[in-house]
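Asks: For reference, the sequence and a predicted model appear below.
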Amino acid sequence: MDKEELRKYKTQFLDLLRSTGIEDMDYFIPQLEKSGFFEAPASMKNHLCFEGGLMLHSLNVYEAAVALKKALAVNRPDIFEKISDDSIKVAALLHDVCKANLYFRKRGAQVDFGKAEYGTDYSGLPIGHGEKSVVMILQMGLGLEDAEVCAIRWHMGPWSIDRSNAEEVGNYRKAEEMYPLVTLLQLADTVAAKFTERKLG
């Protein structure tokens, strides 16, 4: 992906965030820029493992969430009327903020897709994946609604749960029950990573 394409996607990303009309957004966006979010890959060696991949993945998750809502709301409008378009933007676009500055390019790394060109550095706020994104967003000055907090916290779904911890299992199940955005974001993240971004061939 060339720099012109990355600029186009960044403009789209920022336009979507600003379209929420959230008061703190103009303060938050420069903090997001400083975090390295827009330069980060989406993964160490799997989907969108290149500069700007994290931003592109986040856009793909947003587009998948919008498409899923449109398709599924036909049969269950009662569920989807509880999910605001602005919350979809916030949760989908920012669910993986924790990956900003998580990866570093290894010296002498290969650049082909699927090659391990990045290493990881877990020293920055070493807590779990979803909760780290929530904490970082709040630290950058953007307030979140409860549904957005839960959706981002649990966006990895069952893979983010310690099954031996009854309290954690209970919290996860209650979050899904209370906030349909939780399940929508999980589905959209999976669709983006496993279909939209799936390697051809």
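Replies: Now that the structure is in, tell me what you want to look at.

Asks: Quick one: low-confidence residue ranges for this structure.
Replies: Within the chain, the set of residues satisfying pLDDT under 70 comprises 1, 44-46, 103-117, 119, 200-201.

Asks: give me that answer again for 50
Replies: For the chain, the stretches with pLDDT under 50 are 113-116.

Asks: for the protein, what spans make up the helices?
Replies: Remark: helices of the chain, listed N- to C-terminal, are 3-18, 25-34, 53-72, 77-80, 85-94, 129-139, 146-153, 166-178, 180-191; assignment by DSSP state H.

Asks: And those helices: which comes nearest S160?
Replies: Using C-beta to C-beta as the criterion, the shortest distance between S160 and the helices of the chain is 5.7 Å, found for helix 129-139. Every residue, glycine included, has its C-beta placed from N, CA and C.

Asks: Make CSV out of the helices of the chain and add mean neighbour count and distance to Y122.
Replies: CSV is the format used below for the helices of the chain (neighbours: other C-beta atoms under 10 Å; distance: least, C-beta to C-beta, whole Å):
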stretch, mean neighbour count, distance to Y122
helix 3-18, 14, 26
helix 25-34, 15, 20
helix 53-72, 20, 16
helix 77-80, 12, 36
helix 85-94, 23, 20
helix 129-139, 19, 10
helix 146-153, 24, 18
helix 166-178, 13, 20
helix 180-191, 23, 21
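
Asks: Nearest approach to A42 belongs to which of the ones you listed?
Replies: A42 sits nearest to helix 53-72 of all the helices of the chain, at 3.9 Å, using C-beta to C-beta.

Asks: Can you work out which other helices and strands pack against the closest one?
Replies: Secondary structure elements in contact with helix 53-72, counted by 3 or more C-beta pairs under 8 Å, 6 or more residues apart in numbering; DSSP states H and E, are helix 3-18, helix 77-80, helix 85-94, helix 180-191.

Asks: Contacts for the second one next, please.
Replies: Contacts made with helix 77-80 from outside it, assessed by C-beta atoms under 8 Å, 6 or more residues apart in numbering, are listed as K69, L72, A73, P180.

Asks: Same check on the last one?
Replies: The set of residues that contact helix 180-191 without belonging to it, under C-beta under 8 Å, 6+ apart, is 61-62, 64-65, 68-69, 79-80, 82-83, 87-88, 91-92, 95, 147-148, 150-152, 154-157, 175-176.

Asks: pull the CA atoms of it into CSV?
Replies: What follows is helix 180-191, C-alpha atoms only, in CSV (Å, rounded to 0.1, in the frame of the first residue of the first chain):
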residue,chain,number,x,y,z
PRO,A,180,-25.9,-5.8,21.6
LEU,A,181,-23.0,-3.7,20.4
VAL,A,182,-20.7,-6.2,22.2
THR,A,183,-21.8,-9.1,19.9
LEU,A,184,-21.9,-6.9,16.8
LEU,A,185,-18.3,-5.7,17.3
GLN,A,186,-17.1,-9.3,17.9
LEU,A,187,-18.7,-10.4,14.6
ALA,A,188,-17.5,-7.5,12.6
ASP,A,189,-13.9,-8.0,13.9
THR,A,190,-14.0,-11.6,12.8
VAL,A,191,-15.5,-10.8,9.4
